[in-house]
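Q: Next input, structure requested:
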Amino acid sequence: MAANSNSKMPQNTITHPPWYSPKTGIYNSIHSPRNLPTDPFLDVVSFIFSHPHDGVLALIDSSSGSSISYSNLFPLVKSMASGLHKMGVSQGAVVTPLNPVSSVAEIRKQVNECGVSFAFTIPENFKKLEPFNIPNIIVPENEKDLKYDCFSCFFNLINSNFDLPQRPVIKQEDTAGILYSSGTTGVSKGVVLTHRNLIAMVELFARFQASSSSSKNVFLAALPMFHIFGLSLFTTGLLSLGSTVVVMNKFQIDEAIRVIDKYNVTHFDVVPPMLVTLTEKAKRVNGSKLLSLRRVLCGAAPLTTTIINEFVQVFPNVDLIQAYGMTESAAVGSCCFDSDKFHNYSSVGLLAPNMEAKVVDMNNGALLPPGRSGGLWLRGPSITKGYLNNEEATMASIDKDGWLNTGDIVYFDENGYLYLCDRLKDMIKYKGFQIAPADLEAVLILHPEIVDVAVTGVKDEEAGEIPVAFVVKKAGSVLSTKNVIDHVAEQVTPYKKVRKVVFIDKIPRSVTGKILRRQLRNELPSNL
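A: Presented below is the predicted three-dimensional model:
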């Protein structure tokens, strides 16, 4: 039968997944939204302790074995609140955690900017705080120290019989904490997080990814708790679930292995350097099988394929998952959930519930679909309301509609998994072309004679910037500059080629595993 000449032929159409809108360019979470509390007069502490569970031990000190049970934890919190009220905290304290290894200059900056009223510190850092003329409450490192006079103030706080005359009125929109972050660009800035932000953090990060047996889970806390990663889990989220948290004063691999075995640790949350150390140590330790370990969550910086493969080979029965978040998003962003049938080790996971994302072309601002890489913007209930006393930085990072420019280069795949490519501020601009250092690092690390590598851009009069590779060779290797340059040139487009090579003993990294590219640039040979 002949076709009607006036009939319309079917047009080619592009179908998009339901979690992405081509009209708005917005990615939504594949997960169903989580119910967040609507009471405007709710603080994060009340929210944490509002969840029933059957947990027994809340916190265990890894070295002494001292512990705090859940039955005693909330009374201690209320005693501390009463004691602080007696000291003059009438409306609710705002916390700003400090890195214990901060310099006096760094402490001064934070103390002055935040208007610190008093500080909690361990004995070894007491002298650092003396120049600032603020009351210092010295915190004992274990319960045996409470008998010494220098801890009397802390002892009185946690044993305060003073009853609050009236519960203070605290709103979700009130500031709860100020955490310091370098943000998307520039120097360290105070990130203002509200009770609403932290409530979302607890619900959308810690509680969302927990299993049904969360009160039986035992977590090893070796991450710094002044950092949003450690704070989100060990001082807030996990306490709402009844999980046991074993606290290490400082990460040491031999001690970590002993603690995992002794306390039957099931969950270990780490940053990349810790994961590498654990993997290398486990290869050599025959007496410990770490049989209790069920899941390792890695965040703060992406893992390389080599690191992932080695871990999976050493720990075939342990789930390895990655997560993405930042201080400005109160640790909420994305997280992987592996199953027996599917493991996506290289992705930083699916977008968290209640969160929205956009991927923006760095050159023209166009909104990009799945499979296309660009700058990541996030919006949701955990996003900071801004930087402390820095309206200019706030306006540069958060637009009028509440979208946060993360400064990270990413893409979503066809299944909604997020992949972290690079940092926008680390992008190299060579003759107008943008080069992601991570792309070149991924090529270089596969060379059999390269142990570690970092790529950064350095100024060049003709090209603007050129890619320079800092390479750690294997012991005894005769790898040359030409070998490195040729290896990359064979696998990338011409403008992406490495132009200079510096052989180095060790790649400088932060405590969270991020490459310190600025430090590398400062250490460039003068004749380069």
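Q: ok, residue 238 to residue 65 distance?
A: Using Cβ to Cβ, to the nearest Å, one obtains 19 Å as the distance from residue 238 to residue 65. Just so you know, the C-beta spots here come from the backbone N, C-alpha and C atoms, and that holds for glycine as well.
Q: who has more neighbours, the two?
A: Taking neighbours as other Cβ atoms under 10 Å, residue 238 and residue 65 compare with residue 238 leading, 27 against 11.
Q: Who are the packing partners of the helix or strand bottoming out on mean pLDDT in the chain?
A: In the chain, no helix or strand scores lower on mean pLDDT, DSSP states H and E than strand 433-435, which sits at a mean of 75. If you count contacts as 3 or more Cβ pairs under 8 Å, 6 or more residues apart in numbering; DSSP states H and E, strand 433-435 packs onto strand 428-430.
Q: List the contacts of the strand it packs on.
A: Outside strand 428-430, the residues that touch it by Cβ atoms under 8 Å, 6 or more residues apart in numbering are 434-437, 455-457, 463-467, 495-496.
Q: Quick check: phi and psi on the most centrally placed residue in the chain?
A: Centre of the chain computed as the mean C-alpha position; nearest residue by Cα atoms, centre = their mean is residue 300, 3.7 Å away. With angles defined as degrees, to the nearest 10, residue 300 sits at phi 80, psi -30.
Q: Report the contact partners of it.
A: By Cβ under 8 Å, 6+ apart, the contact set of residue 300 is 227, 229, 271, 272, 512, 513, 514.
Q: and the third one, how many neighbours does it have?
A: This points to residue 271. Residues lying near residue 271 (other Cβ under 10 Å) number 25.
Q: Next: the last one.
A: Applying the criterion other Cβ under 10 Å, we find 18 residues in the vicinity of residue 514.
Q: Can you report phi and psi for it?
A: Residue 514 has phi and psi values of phi -80, psi 140 when expressed as degrees, to the nearest 10.
Q: Test my guess that it contacts residue 326.
A: No - look at residue 514 against residue 326 with Cβ atoms under 8 Å: they stay out of range, at 11.5 Å.
Q: show me where the stretch 201-350 of the chain has strands.
A: Ranges of strands within the stretch 201-350 of the chain are 218-221, 244-247, 267-270, 295-298, 319-324, 334-335, 349-351, based on DSSP state E, counting those that start in this stretch.
Q: Can I get the ones you listed in a markdown table including mean pLDDT and mean neighbour count?
A: Shown next, in a markdown table, are those (pLDDT from 0 to 100; neighbours: other Cβ atoms under 10 Å):
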| stretch | mean pLDDT | mean neighbour count |
| --- | --- | --- |
| strand 218-221 | 96 | 23 |
| strand 244-247 | 96 | 22 |
| strand 267-270 | 94 | 24 |
| strand 295-298 | 93 | 21 |
| strand 319-324 | 92 | 22 |
| strand 334-335 | 92 | 26 |
| strand 349-351 | 94 | 23 |
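Q: For these, give me a markdown table that also has distance to residue 411.
A: What follows is these, written out as a markdown table (distance: least, Cβ to Cβ, whole Å):
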| stretch | distance to residue 411 |
| --- | --- |
| strand 218-221 | 31 |
| strand 244-247 | 35 |
| strand 267-270 | 25 |
| strand 295-298 | 20 |
| strand 319-324 | 13 |
| strand 334-335 | 12 |
| strand 349-351 | 13 |
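Q: what about the ones you listed, which gets the closest to residue 376?
A: Nearest to residue 376, of all the strands of the stretch 201-350 of the chain, is strand 319-324, at 8.8 Å by Cβ to Cβ.
Q: what about stretch 121-128, distance to the chain center?
A: 26 Å (Cα atoms, centre = their mean, to the nearest Å).
Q: ugh, wrong one, stretch 292-311
A: Here stretch 292-311 is found 14 Å from its chain centre; the criterion is Cα atoms, centre = their mean.
Q: if we can go back for a sec, helices or strands up against the following helix or strand past the least confident helix or strand of the chain?
A: Toward the C-terminus, strand 433-435 is succeeded by helix 437-444 as the next helix or strand (DSSP states H and E). For helix 437-444, the elements it packs on are strand 417-423, strand 450-460, strand 464-473, helix 481-489, judged by 3+ Cβ pairs under 8 Å, 6+ apart.
Q: Mean pLDDT and distance to residue 333 added to those, as CSV?
A: Putting those into CSV (pLDDT from 0 to 100; distance: least, Cβ to Cβ, whole Å) gives the following:
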stretch, mean pLDDT, distance to residue 333
strand 417-423, 87, 8
strand 450-460, 89, 24
strand 464-473, 91, 28
helix 481-489, 93, 31
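Q: Of all these, which one is nearest residue 246?
A: Here strand 417-423 is closest among the helices and strands packed on helix 437-444 (Cβ to Cβ), at 29.3 Å.
Q: Okay, now the sheet partners of that closest one, with direction.
A: strand 349-351 (antiparallel), strand 404-412 (antiparallel) (DSSP bridges).
Q: Pull the residues that contact the first one.
A: To tie it back to what came earlier, the one meant is strand 349-351. With Cβ under 8 Å, 6+ apart, strand 349-351 has contacts from 19, 27-31, 321-324, 333-337, 357, 416-418.
Q: do stretch 85-102 as well
A: 43, 84, 106-107, 110, 114, 116-119, 122, 125, 128, 157, 160, 162, 164, 168-170, 174-180, 190, 224-226, 231.
Q: now with 6 Å?
A: With contacts defined as Cβ atoms under 6 Å, 6 or more residues apart in numbering, stretch 85-102 is touched by 114, 125, 162, 164, 168, 170, 175, 177, 178, 226.
Q: can you give me the helices for the protein?
A: Secondary structure of the chain, counting by DSSP state H: helices at 44-48, 70-86, 104-114, 126-129, 152-158, 195-201, 228-234, 253-262, 272-284, 305-314, 391-397, 437-444, 481-489, 517-522.
Q: avg pLDDT for the second one?
A: Averaging pLDDT along helix 70-86 yields 89.
Q: again with the fifth one
A: The predicted model assigns helix 152-158 a mean pLDDT of 78.
Q: and residue 282, what does it touch?
A: By Cβ under 6 Å, 6+ apart, residue 282 lies in contact with residue 314.
Q: switch the cut-off to 10 Å
A: Applying Cβ atoms under 10 Å, 6 or more residues apart in numbering to residue 282 gives the contacts 253, 257, 288, 289, 290, 293, 310, 311, 314, 315.
Q: re the thing from before, reformat the strands paired with strand 417-423 as JSON lines; add distance to residue 94.
A: Formatted as JSON lines, those follow (distance: least, Cβ to Cβ, whole Å):
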{"stretch": "strand 349-351", "distance to residue 94": "30"}
{"stretch": "strand 404-412", "distance to residue 94": "21"}
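Q: Out of the ones you listed, which is closest to residue 525?
A: For residue 525, the closest of the strands paired with strand 417-423 is strand 404-412, at 28.8 Å, according to Cβ to Cβ.
Q: now the closest one, how far from the centre of its chain.
A: For strand 404-412, the distance to the chain centre is 14 Å (Cα atoms, centre = their mean).
Q: separation between residue 28 and residue 398?
A: Separation of residue 28 from residue 398 (Cβ to Cβ): 20 Å.
Q: coming back round to it: buried ones only from the contacts of stretch 85-102, please, as a PyMOL command.
A: Burial among the contacts of stretch 85-102 is assessed by 16 or more other Cβ atoms under 10 Å; the matching PyMOL selection reads:
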select buried, resi 114+125+170+177+178+226
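Q: Lowest-confidence one in the contacts of stretch 85-102?
A: Least confident entry in those, by pLDDT: residue 162, with 64.
Q: Any of the contacts of strand 428-430 buried? List them.
A: Buried among the contacts of strand 428-430 by 16+ other Cβ under 10 Å: 434, 435, 436, 437, 455, 456, 457, 463, 465, 466, 467, 496.
Q: For residue 476, give me its contacts.
A: residue 449.
Q: Does residue 446 touch residue 490 like I think?
A: No - using Cβ atoms under 10 Å, residue 446 is not in contact with residue 490; the gap is 11.7 Å.
Q: more neighbours, the two?
A: Neighbour count, other Cβ under 10 Å: between residue 446 and residue 490, residue 446 has more, with 14 against 9.
Q: now the closest residue to that one other than its chain neighbours: how far from residue 336?
A: For residue 446, ignoring the flanking residues on the chain, the nearest one in space by Cβ to Cβ, 6 or more residues apart in numbering is residue 306 at 7.7 Å. Plainly put, residue 306 is 19 Å away from residue 336 if you go by Cβ to Cβ.
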